[in-house]
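[1] Need coordinates for the following:
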Amino acid sequence: MSATKVGLLAAPLFLFAGLGFAQTSAIAGEVKGEDGLPLKDALVKIVRKDIRGNYKVKTGKKGEYFHAGLPLGNYDVILEVNGKDIDKMNNVRTRLGDPTQVNFDLQSLKRKQEAMQRAAESGQISPEQARGLSAEQRAELERASKDRQQQLAKNKVLNDAFNVGMQALQAKEFDAAVEHFSKASEIDPKQHVVWAHLADAYIGQAGVKTGAEQDAAMNKGLEVYVKALEIKPDEAAYHNNYALALARAKKFPEAQAELQKAAQIDPPNAGRYFYNLGALLVNSGQLEPAGEAFKKALEADPNYADAHYQWGMYLVAKATTNAEGKIVPPPGTKEAFQKYLELKPAGPFAGSAKEMLSTLEVSIETQYLSPEAQKKAKKKK
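    Numbering: from 1, shown residues only. Just a heads-up that it's a prediction; the model follows:
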């Protein structure tokens, strides 16, 4: 009797274990990349919803994955690529028998996302698109559409302020230009072009004011140029304009440094930047460094007409006179003026260049003669 009882007790235990094994399921599928080809080594995360449970599996060479031994239940199946969640299938119910198929097609997903983005931007969603949206997707689309509308409104205000500021700047109405560019900078502080034009407006404002107001506008302009360069440090034009403003503030070493940066950033226009540097140095009375700058301008751009003229003027300053009183210019002086006239025969320095060439051909009186002696000398001739 006792042996029979033991046998009867053991049977239910075996049956219970069998039932536990029978309650497992599997999820399988394939993953295609944005190019439509199988995606290898993508991570598929399987997260159980009804009770806690997390499972992971990677795709093989053919983009396929398979995970068995999953308890029957509801799961979120998440596709992760390069450490980022790319797609997700919610509330996947597993079943006994064949694996539940969950496929991911990133090419199709991308097309769908692009279509939804266009729909969000236009605010027009087709009935077919609306039917395919989950509650989360609907909420996201509504949020995106709202953000888009707000951004469009913000951009309109920004553009209006910027355009009015540009009109004022071109008309040299600097106070109005400062007002509107300041408004634009408050709307979007990341727009370097707004800060650059605001700086131009302040510098222009400084040019028409005096005393403390002039100093305040100049300092503000320099400060705003720095802001523009913080956002866009590789813009050579900003360095150039900042340098010119620094020169007006008589900060010549800082101006030189900025023009050097401009030339390094923008080699094709280095001639213009070195020319500006030379002009600044001339205006500050630093003739030797100015000559070197004009020389660099010509090395960068051999056809820079104005640089030829300024180089010629620099060389003239080094001219000497011989025993006969004839001017002896350094080599290259005449050629510099001639090249200017060749490149700009009707340029603003054409008259001066011709005069310099004429002067270099005559002798200079090295002996002083009184007016009476000059008259006698003329009569003898």
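[2] shaky segments in the stretch 1-150 of the chain?
    Along the stretch 1-150 of the chain, segments meeting pLDDT under 70 span 1-22, 116-142, 144-150.
[3] Just the strands from it, written as ranges.
    Along the stretch 1-150 of the chain, counting by DSSP state E, counting those that start in this stretch, strands occupy 24-32, 43-48, 54-58, 64-71, 74-81, 84-93, 100-101, 104-105.
[4] tell me the centre residue of the chain?
    When Cα atoms, centre = their mean is applied to the chain, the residue found nearest the centroid is Lys232 (5.6 Å).
[5] residues contacting that residue?
    When contacts are counted by Cβ atoms under 8 Å, 6 or more residues apart in numbering, Lys232 touches His192, Ala196, Tyr238. In this view, the C-beta of every residue, glycine as well, is placed from N, C-alpha and C.
[6] what about the first one, neighbour count?
    I take that to be His192. When neighbours are counted by other Cβ atoms under 10 Å, His192 registers 17.
[7] for the second one, same thing?
    Other residues within reach of Ala196, judged by other Cβ under 10 Å, total 23.
[8] Give the full set of residues in contact with it.
    When contacts are counted by Cβ under 8 Å, 6+ apart, Ala196 touches Tyr225, Ala228, Lys232, Glu235, Ala237, Tyr238, Asn241.
[9] Now flag whichever of the residues you listed is closest to Ala161.
    In terms of Cβ to Cβ, no member of those lies closer to Ala161 than Ala228, at 16.6 Å.
[10] And stretch 179-196, what's buried?
    Residues 179-185, 187, 191-192, 194-196 are the ones in stretch 179-196 that count as buried (16 or more other Cβ atoms under 10 Å).
[11] And the contacts of Lys232, which is closest to Lys220?
    Distance to Lys220, by Cβ to Cβ, is smallest for Ala196 among the contacts of Lys232, at 13.7 Å.
[12] SS state for that closest one?
    Of the three states, Ala196 takes helix according to DSSP: H, G, I helix; E, B strand; the rest coil.
[13] Kindly reformat the buried residues of stretch 179-196 as JSON lines containing distance to Phe349, secondary structure and pLDDT.
    Listed next are the buried residues of stretch 179-196 as JSON lines, based on distance: Cβ to Cβ, whole Å; DSSP: H, G, I helix; E, B strand; the rest coil; pLDDT from 0 to 100:
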{"residue": "Glu179", "distance to Phe349": "39", "secondary structure": "helix", "pLDDT": "95"}
{"residue": "His180", "distance to Phe349": "38", "secondary structure": "helix", "pLDDT": "93"}
{"residue": "Phe181", "distance to Phe349": "35", "secondary structure": "helix", "pLDDT": "93"}
{"residue": "Ser182", "distance to Phe349": "40", "secondary structure": "helix", "pLDDT": "94"}
{"residue": "Lys183", "distance to Phe349": "42", "secondary structure": "helix", "pLDDT": "93"}
{"residue": "Ala184", "distance to Phe349": "39", "secondary structure": "helix", "pLDDT": "91"}
{"residue": "Ser185", "distance to Phe349": "40", "secondary structure": "helix", "pLDDT": "93"}
{"residue": "Ile187", "distance to Phe349": "45", "secondary structure": "helix", "pLDDT": "89"}
{"residue": "Gln191", "distance to Phe349": "39", "secondary structure": "coil", "pLDDT": "90"}
{"residue": "His192", "distance to Phe349": "35", "secondary structure": "helix", "pLDDT": "93"}
{"residue": "Val194", "distance to Phe349": "37", "secondary structure": "helix", "pLDDT": "92"}
{"residue": "Trp195", "distance to Phe349": "35", "secondary structure": "helix", "pLDDT": "95"}
{"residue": "Ala196", "distance to Phe349": "30", "secondary structure": "helix", "pLDDT": "94"}
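[14] coming back round to it: distance to Pro348 added to the strands of the stretch 1-150 of the chain, as CSV?
    Shown next, in CSV, are these (distance: least, Cβ to Cβ, whole Å):
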stretch, distance to Pro348
strand 24-32, 68
strand 43-48, 70
strand 54-58, 73
strand 64-71, 76
strand 74-81, 63
strand 84-93, 61
strand 100-101, 80
strand 104-105, 68
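[15] Much appreciated, bye for now.
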